[in-house]
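Enquirer: got a predicted structure here, sequence first:
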Amino acid sequence: MSLRAGIVIFPGTNRERDMAIALARVTGGRSPAMIWHKDTDLPPLDLVVLPGGFSHGDYLRCGAMAAQSPIMRAVRDFAASGGYVLGVCNGFQILAEAGMLPGALLRNAGLRFLAQDHHLRVERTDTVFTRGYAEGEVLRVVLAHGDGNYFADEATLDRLEGEGRVAFRYCGPDGAVTPEANPNGSARSIAGVTSANRRVLGLMPHPEDYVDPLMGGEDGLPMFEGLVGALAA
Amino acid sequence: MSAPVAAPRPVDEKLAREFGLNAEEYGRVLAIMGRTPSLTELGIFSVMWSEHCSYKSSRVWLKELPTKADWVVHGPGENAGVVDIGDGLTAIFKMESHNHPSFIEPYQGAATGVGGILRDVFTMGARPIANLNALRFGRPENPRTKRVVDGVVRGIGGYGNCVGVPTVGGEVNFHAAYDGNPLVNAMTVGIAPRDRIFLSAAAGIGNPVVYVGSKTGRDGIHGATMASAEFDANSEEKRPTVQVGDPFTEKLLIEACLELMATDAIVAIQDMGAAGLTSSSVEMAGKGGVGIVLDLDAVPQRETAMTAYEMMLSESQERMLIVLRPGAEDLSRAIFDKWDLDFAVIGHITDTGRIVVRHKGVLEADIPLQPLSDEAPLYRRPIEWPTPPAPLDDAAITSDVPVEQALLRLIASPDLCSRAWIWNQYDAAVGGQTVKRPGAADAAIVKIDGSRRALALTTDCTPRYCQADPRMGGMQAVAEAWRNITATGARPLAITDNMNFGNPEKPEIMGQFAAAIQGMAAACNALDFPVVSGNVSLYNETEGRGILPTPAIGGLGVIEEASQARGIAIAPHLDLVLIGATEGWLGQSLWLREIAGREQGAPPPVNLVAERRHGDFVRHQIAAGGVHACHDVSDGGLLVALAEMALAGNTGFALNDAPDGVSDIGFWFGEDQARYVLAAADATDLLAAARRAGVAARLLGRTGGNELTWAGGVSISLKELREAHERFFAAWMS
């Protein structure tokens, strides 16, 4: 079984290695394809990943310039034809800027970069990204962002909730979703949302950094194992 | 050849003095040139002969440091030090100061400090895998300190997080002596194959000289000169000499340079750091024994109407100078085009032994390189050797403060409290190889991708020891770095040093410097822990008051199996064993300062024979597999070390009585050196092994529960301890 994954590299992307390590861990060491942002076509893939980093230095708005990259037309077409896309951190910001996911990621409410462990509650298990988890399961993940404060208008938030598109929420170690356990001010403690067809996921924290107990945890591993189980030919 | 262009104002001794050259140095310039230099030429001499670039006060002493070992591939003299770490790989590392800019403009000063040290490492062909830092700030009560701390921490995070190099370790001290002169020392560690290391010596007559990276602007002109002068009340006016960092461009530059380095296009490469285009071109040509011609019309410029003087002196960031093989221009240009970075051929290598600079058809500079370097000033400045203070009579020291209350106060003090507020702004995980993050172990542990090996990395110095006795303090700084690496189970290999001192023209400051070097050299020799790179920062004074002498040490070690690295966190059901003897040395201890309110006495003596024996014993025990956790005993003494192990593991312990023959205060808070606390399931074997090895060892107690309990029944809860530990930064920065 092998998952054909591709990681898109924008100028300023910096977590592509972390993502490649996580994918290699569940695919028997297979290296994902590395795709340059100036390319216009994707090779045959089961999964496209937009990894974390500071594309274009975050100098305009996080993800805004990357969303205009030549490769994003191909990524949009890929998703429109039913392809699976994972955007983590800056990747989530790019998906939001590209209009592939609703909402926006604003400056953290505390106005500081957050680099720390935090907990997430799994809200949906009927996606390829979350099928490896149990509903309500609590994960420990790495946060590393300055702009992770998820924002959308109330109507959009209600629609996302109604359609079951909130995949992860920030929570305490016990799974309680509270204002105190919301690290960056995100609306309704939302950490990750999916597209209407559940095939595009954006989330701020980094499950790819916890796939090996040696590096401090493996709560992210079920996401990648679930992807292989669902998507590998 | 036309004569060099006339300066807009006359070049004379007065202008030379403004540029930082004294009358005697200006006389040498005239002798070398045989005529009055042009403005650009004077600028080149002044920055190359600045303390920052020439090490004119420190060189005679730096030579006393040992720099060789079987595993040292390149010692001092290259952009960074290189050591063999096995598997055909090398670790390339260096620490460098950005003290003066960080006081004037904390965010940019610290950010560009990180950027500069990253370039020193990747210019040698290494992918940077870790950043560390060593920070010293003024008193928290000083209103200015908070702004400096906030700016420096944001700057380090802002740059390191964006380039995607994890910040994995560091240290922070507060002291009034840094009120007007904080220290920001940044360290980068990279990995390169042993057979793919790039050096800076230019070669190949006619080879193209290429400029890559950001465009040149007017920022940072004469930054190296500023870094070689004391501060006064008008230092704020020096803000235009501080550079502005662009970590995004640096990230692109790292990737583009590493891509180019995978080809055979490069003959030599160096970053444009202090003194920018001047130092890179002069040093590359000088090291190669060749000449260089620069055509400044070809330099990518950010501003209009820049003069040759401005371009040669600019310290605009994120730029590199490369000598290419002939014919490699197109291949190289394509790589930098791909990364949207400037690429320009700005000159070529000659056989003249001279640097020749042309701009708009005018000869702006024509200087012989060998005299520029060989006749650079070298001073054996007058020295007043420090007199070490007399030791305190430890037995006579008493206190009304109970041990558990003293612990709570110490663990809450600015020098010992939790640094989580700082770490939580640094991305320590990016790269996916960080095994032990800040606070988890005595040294950060970063695995090498594709290998089972990991590096152990630390920064150390105890400035109050150095102030009291610079020789012993220098020795202790090296010994503590060695100890911190040892405590993880790793084998210490080499250090980089960042010598932060006051005005070297004062004999007592030169005495501190020379004595610290001698102490460091003794420790490096005894511990087989050579110096492979370093940086000297002098004139750290504001209005005549110097900092504490601060020889910051960046240590590097290697452990063959990353999973064997030990942290400090204890778990329940373990015996706690102290390795090393305790006399109860309270002179210069944090207990004495924080509880008794005295900064007095001699610092604890370092016995290098005991240091080596105890450390080798501990490393052997960790390798044998019986050690669950290990922590060295340093600032605050034994009880603080134990409390840190409890906090890290969220596990309490019960302690046995203190031994007879040493006071309770001395046993729990003395800062005797060469000591470690080990946690093991059963101490019996460990104590027996220590006896056989002739190493002092003592069973301290056993772990478990949610409290710290002393014999006799006194206890404090982990919760109370943690609240004390986390109080300071939260309250200060809220």
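Expert: Happy to help now that I have it.
Enquirer: which phi and psi values does the residue positioned nearest the centre of chain A adopt?
Expert: Of all residues in chain A, the one closest to the mean position by Cα atoms, centre = their mean is A:Val88, 2.9 Å from it. The phi and psi values for A:Val88, taken as degrees, to the nearest 10, are phi -110, psi 130.
Enquirer: so where's the chain shaky on pLDDT?
Expert: If you meant another chain, say so; for now it's chain A. Counting by pLDDT under 70, chain A shows low-confidence ranges at A:1.
Enquirer: oops, wrong one, chain B.
Expert: In chain B, residues with pLDDT under 70: B:1-8, B:222-241.
Enquirer: any idea what sits nearest the residue nearest to the centre of chain A, other than its immediate chain neighbours?
Expert: A:Gly52 (5.3 Å; Cβ to Cβ, 6 or more residues apart in numbering or on different chains). Bear in mind the C-beta positions are built from the backbone N, C-alpha and C, glycine included.
Enquirer: what is the burial count for the one you found?
Expert: Residues near A:Gly52, counting by other Cβ atoms under 10 Å in any protein chain shown, number 29.
Enquirer: show the contacting residues for A:Leu3.
Expert: By Cβ atoms under 8 Å, 6 or more residues apart in numbering or on different chains, the contact set of A:Leu3 is A:Leu23, A:Val26, A:Thr27, A:Arg30, A:Asp46, A:Leu47, A:Leu227, A:Val228, A:Leu231, A:Ala232.
Enquirer: thought the last one was touching A:Ser2?
Expert: Yes: taking Cβ atoms under 8 Å as the definition, A:Ala232 is a contact partner of A:Ser2 at 5.6 Å.
Enquirer: can you work out which residues contact both of the two?
Expert: Joint contacts of A:Ala232 and A:Ser2 (Cβ under 8 Å, 6+ apart) are A:Thr27.
Enquirer: which of these two has more residues huddled nearby?
Expert: A:Ala232 (16 against 12).
Enquirer: how about the contacts made by the more buried one?
Expert: Here A:Ala232 is in contact with A:Met1, A:Ser2, A:Leu3, A:Thr27, A:Asp46 (criterion: Cβ under 8 Å, 6+ apart).
Enquirer: from A:Ser81, how far off is it?
Expert: 19 Å (Cβ to Cβ, to the nearest Å).
Enquirer: returning to that earlier point: bridged to the residue nearest to the centre of chain A, which residues?
Expert: A:Leu203 (DSSP bridges).
Enquirer: shouldn't it be in contact with A:Pro207?
Expert: Yes: the pair A:Val88 / A:Pro207 is scored as a contact, 7.3 Å apart, by Cβ under 8 Å.
Enquirer: would you mind measuring from A:Pro51 to A:Val85?
Expert: From A:Pro51 to A:Val85 the distance is 12 Å (Cβ to Cβ).
Enquirer: between the two, tell me which one has more neighbours.
Expert: A:Pro51 (27 against 23).
Enquirer: and that one, what does it touch?
Expert: Per Cβ under 8 Å, 6+ apart, neighbours of A:Pro51: A:Ile7, A:Val8, A:Thr13, A:Arg15, A:Glu16, A:Asp18, A:Met19, A:Val88, A:Cys89, A:Asn90, A:Gly91, A:Glu208.
Enquirer: one more: B:Gln673?
Expert: B:Gln673 sits in contact with B:Gln476, B:Ala479, B:Gly580, B:Pro604, B:Pro605, B:Val606, B:Asn607, B:Ala610, B:Glu611, where contact means Cβ under 8 Å, 6+ apart.
Enquirer: give me the contact list for stretch B:31-44.
Expert: B:4-9, B:11-12, B:15-16, B:19, B:21, B:29-30, B:45, B:222, B:278, B:282, B:307-309, B:312-313, B:355, B:357, B:364-368, B:371-372, B:375.
Enquirer: and the end-to-end length of that stretch?
Expert: 15 Å (Cα to Cα, to the nearest Å).
Enquirer: distance from that stretch to the middle of the chain?
Expert: Relative to its parent chain, stretch B:31-44 has a centroid offset of 35 Å by Cα atoms, centre = their mean, to the nearest Å.
Enquirer: and if you look at stretch A:140-156?
Expert: Between the centre of stretch A:140-156 and the centre of its chain there are 11 Å (Cα atoms, centre = their mean).
Enquirer: in CSV, list the C-alpha atoms belonging to that stretch.
Expert: Backbone C-alpha positions of stretch A:140-156 (Å, rounded to 0.1, in the frame of the first residue of the first chain) are rendered in CSV as follows:
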residue,chain,number,x,y,z
ARG,A,140,-1.6,16.9,22.3
VAL,A,141,-0.1,18.9,19.5
VAL,A,142,2.5,21.6,18.8
LEU,A,143,1.4,25.2,18.2
ALA,A,144,3.7,27.5,16.3
HIS,A,145,1.9,30.5,14.9
GLY,A,146,1.4,34.2,15.3
ASP,A,147,-1.8,34.4,13.3
GLY,A,148,-4.0,31.5,14.2
ASN,A,149,-7.1,33.3,15.5
TYR,A,150,-9.9,31.8,13.4
PHE,A,151,-12.5,34.2,12.4
ALA,A,152,-15.7,34.0,10.4
ASP,A,153,-19.0,35.8,10.7
GLU,A,154,-21.7,34.3,12.9
ALA,A,155,-23.8,33.0,10.0
THR,A,156,-20.8,31.2,8.5
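Enquirer: so which residues of chain A form helices?
Expert: For chain A, helices defined by DSSP state H occupy the ranges A:16-26, A:71-80, A:90-97, A:154-162, A:221-231.
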